[in-house]
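In: mind looking at a prediction? Sequence and model below.
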Amino acid sequence: MIIPINHPIAQIKLSILRNKDTTPDLFRKSLEELSYLFVFYCFEKSEMDPITIYTPLEEATGHKLKEKHIVIPILRAGLGLLPAFTKLIPDIVVGIIGLSRDENTLKPTQYYANLPANLEDFVGIILEPMIATGGSINKAIEILLERKIHKIKVCSIIAFEKSIIELNENYPFVEFFVLSIDKTLNSKGYIVPGLGDAGDRTFGTLINSQIDIKK
Ligand code: URA
């Protein structure tokens, strides 16, 4: 299921991320702020278990999440969306998946995965700011399914239209939260208009000019 995030605050942050003049510092800050919105959307329908707590006055009923969650940033751009998940849900488990993209074939190769064993009962939340060819998300979902995680959510800022439609058809049980669906992918695999290379913009490694990625 594709769940568009049209919240005005999210869209304002997206405009900052898209702007080529946004510095890495402001880019990181805006990604972190967006991570809070993703948490609210991802957990909006989560089931709760009641717990007994004591106020200074008397016994009361509190709540805790019914299910265990693992959040999985895909290296490296996914790290920018991690902060709110660990801050708001301190006992969330963090798994890491490293995928690199072959510049010619645009196909992903897994170079790292660190996920704990026994994840059967977990809800998996994948963090990948950009869904371009869809290869990375496809691979990440396959890794989670191999680990028997069947409740899967994906948090992305921008998705290429054709890829998100295909992913949604292939994995109808996955919830895809996205701020924007852009219509074009250029010959280098960049989403247009997009926001450029999310990893480079987050970590200040944008050595090559923006012109380069527009071709
Ligand atoms: N990855 C990015 O960071 N940006 C794109 O436009 C496509 C893939």
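Out: Cool, the structure landed. Residues are numbered from 1 along each chain as shown.
In: list the buried residues for stretch 71-82?
Out: The neighbour-count check on stretch 71-82 (16 or more other Cβ atoms under 10 Å) flags Val71, Ile72, Pro73, Ile74, Arg76, Ala77, Gly78, Leu79, Gly80, Leu81, Leu82 as buried. Bear in mind the C-beta positions are built from the backbone N, C-alpha and C, glycine included.
In: end to end, how far does it reach?
Out: 8 Å (Cα to Cα, to the nearest Å).
In: follow-up on the earlier one: closest to Val94 out of the buried residues of stretch 71-82?
Out: Val71 (5.7 Å; Cβ to Cβ).
In: may I ask which helix or strand encompasses the closest one?
Out: For Val71, the host element (DSSP states H and E) is strand 68-75.
In: pull up the gap between Glu47 and Gly124, please.
Out: 16 Å (Cβ to Cβ, to the nearest Å).
In: so, in contact with the ligand or not, the strand holding Val71?
Out: No. For a cut-off given as Cβ under 6 Å from any ligand atom, strand 68-75 has no contacts with the ligand; the smallest distance is 10.3 Å.
In: so in that sheet, which strands flank the top strand by length along the chain, and in what orientation?
Out: Of all the segments of type strand in the chain, defined by DSSP state E, the longest one is strand 151-160. Using DSSP bridges, strand 151-160 pairs in its sheet with strand 122-127 (parallel), strand 130-131 (parallel), strand 175-182 (parallel).
In: want to throw the ones you listed into TSV with mean pLDDT?
Out: Formatted as TSV, the strands paired with strand 151-160 follow (pLDDT from 0 to 100):
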stretch	mean pLDDT
strand 122-127	98
strand 130-131	97
strand 175-182	98
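In: residue numbers of this structure in contact with the ligand?
Out: Ala77, Met130, Ala132, Gly189, Tyr190, Ile191, Gly194, Asp197, Ala198, Gly199.
In: let's verify the last one: helix, strand, or coil?
Out: Translated: Gly199. helix (DSSP: H, G, I helix; E, B strand; the rest coil).
In: about what we covered before: show me the one of the strands paired with strand 151-160 that comes nearest Pro24.
Out: That would be strand 130-131 among those, by Cβ to Cβ, at 16.2 Å.
In: what element comes up after that closest one heading to the C-terminus?
Out: Counting by DSSP H and E, the next helix or strand C-terminal to strand 130-131 is helix 135-146.
In: export that next one as CSV, just CAs?
Out: Output in CSV follows, covering the C-alpha atoms of helix 135-146 (Å, rounded to 0.1, in the frame of the first residue of the first chain):
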residue,chain,number,x,y,z
GLY,A,135,16.5,-2.3,-6.7
SER,A,136,17.7,-1.5,-3.1
ILE,A,137,14.2,-1.7,-1.6
ASN,A,138,13.5,-4.9,-3.5
LYS,A,139,16.7,-6.4,-2.1
ALA,A,140,16.0,-5.1,1.5
ILE,A,141,12.4,-6.5,1.5
GLU,A,142,13.8,-9.9,0.3
ILE,A,143,16.3,-9.9,3.1
LEU,A,144,13.5,-9.2,5.7
LEU,A,145,11.3,-11.9,4.2
GLU,A,146,14.2,-14.4,4.4
